[in-house]
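> Predicted model, plus sequence, below.
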Amino acid sequence: MPRMTLSVPRMLAQFCDGRTRLPVSGADVGSALEDAMARHPLLRTHVLNERGEVREHVHLFLNETDVREDLGAATRDGDEIYVLQAMSGG
Amino acid sequence: MAVTLLVGTEKGLFALDSHDHRSAWRLREPAHPGWQVYSLFVDRRGTAPIVLAGLSSPVYGPHLQRSRDCGRTWEPIEASPCFPEGSPRQLKQLWAVQAGSRPETLWAGVSHAALFRSDDSGSNWSMNDPLETHPTREGWLPGAGGLCLHTIVQDSGDPERLFVGISAVGIFRSDDGGQSWTIKNQGVGAVLDAEERKYGEVNRCVHKFVQDPTEPNRLYQQNHTGVYRSIDAGDSWERIENGLPSGFGFPMVMHPRRPRTLFVVPQESDQVRMFPCGQPGVYRTDDAGDHWVRTHAGLDDPSYSGVLRNAMAVDVEDPPGIYFGTTGGHVYATFDDGDRWTRLPGTFPRVESLAAIQV
């Protein structure tokens, strides 16, 4: 199972034991996110909406690739997944 | 006792600690920077006060936080109110938290309008189904702040009686602990005549309401269309605007020690939402709304800001402190029922909510 780092915005760090970088594992982006959200339930609350979709103004990157619409993107050891606040609204 | 005033804003939570019998105030470092704080509630029923704060973000959504040390440290509540997984509705804001009739019972109001109940001091929540499935729900219309359940009043005399206010729908009353709900809008004007014709008693845009704790059948309501009084527990309403420059406004608080004494902050129309003509004023009635007097000494004048529905609070000291925060980020206090207002330290982001804690 690939092991990687999940980076979250500072506003969400309080739900992740105060950390902005978390070790996660998963064969794809969705599985890696699930690994983190299972341990930190309020991370799920704030990244996903009630329908289980990524919130409208949240972006997800796998290294330098936008994977917001591709949670099945395959991961490799040493990857970085970024949860980012979308630059919407000026 | 000293008082801590919590100031919930558009971008974080601040705390002002009083010293020297509330004559001096010291501002702490902010908590929850970046988070909106739409609601603050101090549960005074236990041996020490517990504070609940409704935090939200337009990006990340809402959750509840709890503090057992007057806001110095906070604990996010993992099982905060939420809609069921797969729900088409999104929980946008936590607008209200209020004590229920049992020691560990709390109620929470949210947008998109729903009522939640906790029986373990806020750790776990369940949705109130009778309000969820109310037969009028399909006709409910949102206000500018969304379809929000923003006010909850647990009757001071009858443990089974509960009131909630939903914008722009109106006031609902339950006489059986939340198992059934009846709309209580009779006598309240609609924003548009067309609404009244189309929806009947539904869709009266309540902004805030309070109960006179010593006379529980007396309710007072700041509505979009004016200020109203009920003497029959909401069964009927009459206008009480004698002396007010505008019927429009948001906050309303009861004097904590004097029956029939309450405060409102009139603002200019729904188009403007500022103090009328830039002249700030908190209006007090001592006779249940028959007459209102403007209090303003000490307020910055002119002031082109407004006051939001949860941005007014009282403490229970003797004499009590009455506080309000503006959309311009200033917080004021009076300790003589409005004869003199004092601006407290700090300029904040838009003030969304206030709560006073006796410490």
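Perfect, thanks for sending it.
> Show me the beta-bridge partners of residue 7.
I went with chain A, as the question did not name one. A:Arg21, A:Tyr82 (DSSP bridges).
> not quite, I wanted chain B
Residues in beta-bridge contact with B:Val7 (DSSP bridges): B:Phe14, B:Leu354.
> Does it touch B:Arg28 like I think?
No: B:Val7 is beyond contact range of B:Arg28, at 10.1 Å (criterion: C-beta atoms under 8 Å). C-beta coordinates here come from the backbone N, C-alpha and C atoms, glycine included.
> overlap in contacts of those two?
B:14-16 (C-beta atoms under 8 Å, 6 or more residues apart in numbering or on different chains).
> show me where pLDDT drops low in chain A?
Across chain A, the stretches falling below the confidence threshold (pLDDT under 70) are A:88-90.
> quick check, B:Phe41 in a strand?
Yes: per DSSP: H, G, I helix; E, B strand; the rest coil, B:Phe41 lies within a strand segment.
> Can you tell me the SS state at whichever residue of chain A sits closest to chain B?
Closest residue of chain A to chain B, C-beta to the nearest C-beta: A:His46 (3.8 Å). At A:His46, secondary structure determined by three-state DSSP is helix.
> Just give me the neighbour total for it.
Residues within reach of A:His46, counting by other C-beta atoms under 10 Å in any protein chain shown, total 25.
> State the three-state secondary structure for the residue nearest to B:Gly86 when sequence neighbours are not counted.
Excluding its sequence neighbours, the residue lying closest to B:Gly86 (C-beta to C-beta, 6 or more residues apart in numbering or on different chains) is A:Arg51, at 6.1 Å. Under three-state DSSP, the three-state class of A:Arg51 is coil.
> surely A:Arg51 meets B:Pro88?
Yes: using C-beta under 8 Å, A:Arg51 is in contact with B:Pro88, at 7.3 Å.
> For the two, indicate the residue with more neighbours.
Taking neighbours as other C-beta under 10 Å, A:Arg51 and B:Pro88 compare with A:Arg51 leading, 12 against 8.
> and the gap between whatever residue of chain B ends up closest to chain A and B:Glu132?
Minimum separation of chain B from chain A (C-beta to the nearest C-beta) falls at B:Tyr60, amounting to 3.8 Å. For B:Tyr60, the distance to B:Glu132 equals 25 Å [C-beta to C-beta, to the nearest Å].
> of these two, who's got more company?
The neighbour comparison of B:Tyr60 against B:Glu132 (other C-beta under 10 Å) goes to B:Tyr60, with 24 against 12.
> from what I can see B:Thr151 touches B:Val97, true?
No: if you go by C-beta under 8 Å, B:Thr151 and B:Val97 don't touch, sitting 11.1 Å apart.
> overlap in contacts of these two?
Applying C-beta under 8 Å, 6+ apart, one finds that B:Thr151 and B:Val97 are jointly contacted by B:Gly109.
> what's the neighbour count on A:Ala38?
10.
> mind listing what's buried in the helix or strand where it lies?
Secondary structure from DSSP states H and E places A:Ala38 in helix A:29-39. Residues A:29-33, A:35-37 are the ones in helix A:29-39 that count as buried (16 or more other C-beta atoms under 10 Å in any protein chain shown).
> Put together TSV for the residues you listed, with distance to B:Asp235 on each row.
TSV is the format used below for these (distance: C-beta to C-beta, whole Å):
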residue	distance to B:Asp235
A:Val29	57
A:Gly30	54
A:Ser31	57
A:Ala32	57
A:Leu33	52
A:Asp35	55
A:Ala36	52
A:Met37	48
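> if we can go back for a sec, just the shared contacts of B:Val7 and B:Arg28 now: which is nearest B:Arg72?
B:Ala15 (8.0 Å; C-beta to C-beta).
> so what's the closest one up against?
For B:Ala15, the contact set (C-beta under 8 Å, 6+ apart) comprises B:4-7, B:27-28, B:31, B:70-72.
> again, 10 Å this time
Contacts for B:Ala15 were tallied using C-beta atoms under 10 Å, 6 or more residues apart in numbering or on different chains; they are B:4-7, B:25-31, B:51, B:67, B:70-72, B:355, B:357.
> A:Ala27 now?
Contacts of A:Ala27 were listed using C-beta under 10 Å, 6+ apart, and they are A:1-2, A:72, A:74-76.
> go again using 8 Å as the cut-off
Applying C-beta under 8 Å, 6+ apart to A:Ala27 gives the contacts A:1-2, A:74-75.
> Among those, which ones are in strands?
Among these, no member falls in strands (DSSP state E).
> Can you lay out those residues as CSV showing neighbour count?
Conversion of these to CSV gives the following (neighbours: other C-beta atoms under 10 Å in any protein chain shown):
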residue, neighbour count
A:Met1, 10
A:Pro2, 16
A:Ala74, 13
A:Thr75, 24
